[in-house]
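>>> I would like to see how this sequence folds:
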Amino acid sequence: MTSVDRLRFTFSRLGVRRTPAVIDHLAFPHLVDLIFYYAPLSSLVLMGQTCREWRKRVKAELYHLRDFSAKRKPPWWNNKLSGSTSVIHHYQFTTVRGVSLQVTDTGYIRRCRVLDLGSRPIIVRPERVLRVDTLRISQTPLISINHMGRLGPFSCSRLVLDNHFALNTRREVRKLVVNHRDGNFRAREPRLGPECSNSSFKVHEFVFIVHPTADTKTRGMAQYEAAGLFHKLSASARTAGGAYRGPRKVIFTFVSNTPPSTMVSGKNILHRTLKMYRAEIGEEEFKIETNFDGPLSP
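Take a look at the predicted model:
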């Protein structure tokens, strides 16, 4: 068996239907690099169970899933004969390499660290819970205000909103991060949706980041907007009788290079410059909370 035959055999075992006719050896100095590049996602997950080095590669590929959407589809949608009347959930997303995929297995979602919701609404059964570490929602004109802030089936430890605030979920959020970039910040509807009135909704830590791209007037407005959002979250943490139903107090961190002039300091109200906050949480975490320009890598 020649080296080409061995390569084709390897690709066939990995489920790759088409073996590349011409290979750029400069782009793939090692055979393993070539295999990982052309292997389908299902094979990548299996390869990640082989050894520590391959597990790192798979983790890097599924680290950040972007443009996520989900739909409910009946079995006949895929022209499959099935006697079952159950609904099939289809999940669409883009991997770090820019590969767009549609799967029915939630295992890929559980393996990711960061998941960005796309512009399409998520339509799945409400009782279906998908757990991720960090969920991010960017500001995009394609998202209807009726869908903004809806986390759907997701339960996350950290929720990051980019240049907007619209939240409508009954899930508990350990850390809520809001990025304020410019005057286009959607502050006209800084509201908590009806699902946030559920007793299960809690926010433990609230971080409001004012970026240097905001002009002087915008930075001044950001202080009022941040204070208003903080008071809304603090009020949501109380029951009708005034007792706290979540953490004793919501910890609020205002991140800005300009010190706030309208906020009252306290044990649970902090101010940090961007440099200080970046140093506190680390470079990787800071990119997750602020960088929406492209795919993230571990």
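>>> pLDDT score assigned to residue 255?
pLDDT, residue 255: 91.
>>> now it: how far from residue 167?
19 Å (C-beta to C-beta, to the nearest Å). C-betas here are computed from N, CA, C, even on glycine.
>>> Next, the distance between the ends of stretch 212-221.
Stretch 212-221 stretches 14 Å from its first residue to its last (C-alpha to C-alpha, to the nearest Å).
>>> Now that stretch: average pLDDT?
Stretch 212-221 comes out at a mean pLDDT of 72.
>>> now stretch 232-252
Per-residue pLDDT values over stretch 232-252 give a mean of 60.
>>> Next, count neighbours for residue 258.
15 (other C-beta atoms under 10 Å).
>>> Show the backbone phi and psi for it.
Dihedral angles of residue 258 (phi, psi; degrees, to the nearest 10) stand at phi -100, psi 120.
>>> count of residues packed around the nearest residue to residue 111 once chain neighbours are set aside?
Counting by C-beta to C-beta, 6 or more residues apart in numbering, the nearest residue to residue 111 once its immediate chain neighbours are dropped is residue 62, at 4.6 Å. Residue crowding around residue 62 was assessed by other C-beta under 10 Å; the count is 22.
>>> Same question for residue 282.
Close neighbours of residue 282, defined as other C-beta under 10 Å, add up to 10.
>>> so how far is residue 275 from it?
13 Å.
>>> now residue 209
Distance from residue 209 to residue 275, by C-beta to C-beta: 12 Å.
>>> just the strands in the stretch 101-250 of the chain please.
Secondary structure of the stretch 101-250 of the chain (DSSP state E, counting those that start in this stretch): strands located at 114-117, 130-137, 154-162, 164-167, 172-180, 186-192, 202-210.
>>> Residue 44: which of the ones you listed is closest?
In terms of C-beta to C-beta, the element of the strands of the stretch 101-250 of the chain nearest to residue 44 is strand 114-117, at 17.2 Å.
>>> So what are the sheet partners of that closest one and their directions?
Applying DSSP bridges, strand 114-117 is found paired with strand 64-73 (parallel), strand 130-137 (parallel).
>>> got the CA coordinates for the longest one in CSV?
Below are the C-alpha coordinates for strand 64-73, written out as CSV (Å, rounded to 0.1, in the frame of the first residue of the first chain):
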residue,chain,number,x,y,z
HIS,A,64,-16.1,28.9,20.6
LEU,A,65,-19.4,28.1,18.6
ARG,A,66,-20.8,31.1,16.8
ASP,A,67,-24.1,32.1,15.1
PHE,A,68,-26.0,29.4,17.0
SER,A,69,-29.7,28.7,16.2
ALA,A,70,-32.0,25.8,17.0
LYS,A,71,-35.3,24.5,15.5
ARG,A,72,-37.8,21.8,16.1
LYS,A,73,-38.4,19.6,13.1
